[in-house]
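> everything below, folded, please.
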Amino acid sequence: MIDSLADIAPDFARYVIEFPFGDIYNRPGLDLRAREIATIAALTAMGNAAPQLKVHIEAGLNVGLSRDEVTEIIMQMAVYAGFPAALNGLFAAKETFAARTAADQEHAA
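Predicted coordinates:
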């Protein structure tokens, strides 16, 4: 992402990394797992942030969320953000899970 914005908005690319991950994610009070739950829920509820949602689903898996937990987080958002947003989130999760499975199989071979 930083490289893709280098020619048009390098400072913005830096802000996108520094503020959330340097300032917010390092605050006390929530562990990374809880922060990823909140982020997955928020991005799902937005309904229009599939690329960012996929990144945070992957991050959630990396900090200990199971695929079932990710799916439940997204399904919960149907109540508050509507079925279209939850469906978009589930499709993003499905793609992320498939890519992760493929990568795991490549590493195992």
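> for the rest of this, base every contact and every neighbour count on C-alpha atoms.
OK.
> secondary structure element holding the residue minimising distance to the centre of the chain?
For the chain, residue 56 is the residue whose C-alpha lies nearest the centre (C-alpha atoms, centre = their mean; 1.6 Å). Using DSSP states H and E, residue 56 sits within helix 50-62.
> helices or strands next to that helix in the packing?
Helix 50-62 sits against helix 32-46, helix 67-81, helix 83-108, with contacts defined as 3 or more C-alpha pairs under 8 Å, 6 or more residues apart in numbering; DSSP states H and E.
> any idea which of those is most buried?
With neighbours defined as mean count of other C-alpha atoms under 10 Å, the helices and strands packed on helix 50-62 peak in mean count at helix 32-46, which reaches a mean of 20.
> pull the CA atoms of it into CSV?
Taking Å, rounded to 0.1, in the frame of the first residue of the first chain, the C-alpha atoms of helix 32-46 are listed here in CSV:
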residue,chain,number,x,y,z
LEU,A,32,-4.4,-7.3,19.5
ARG,A,33,-7.0,-10.1,19.3
ALA,A,34,-9.7,-7.8,20.7
ARG,A,35,-8.6,-5.0,18.4
GLU,A,36,-8.9,-7.2,15.4
ILE,A,37,-12.4,-8.4,16.4
ALA,A,38,-13.5,-4.7,16.6
THR,A,39,-11.8,-3.9,13.3
ILE,A,40,-13.3,-6.8,11.5
ALA,A,41,-16.7,-5.9,12.8
ALA,A,42,-16.3,-2.2,11.8
LEU,A,43,-15.0,-2.9,8.4
THR,A,44,-17.8,-5.5,7.8
ALA,A,45,-20.4,-2.9,8.9
MET,A,46,-19.0,-0.4,6.5
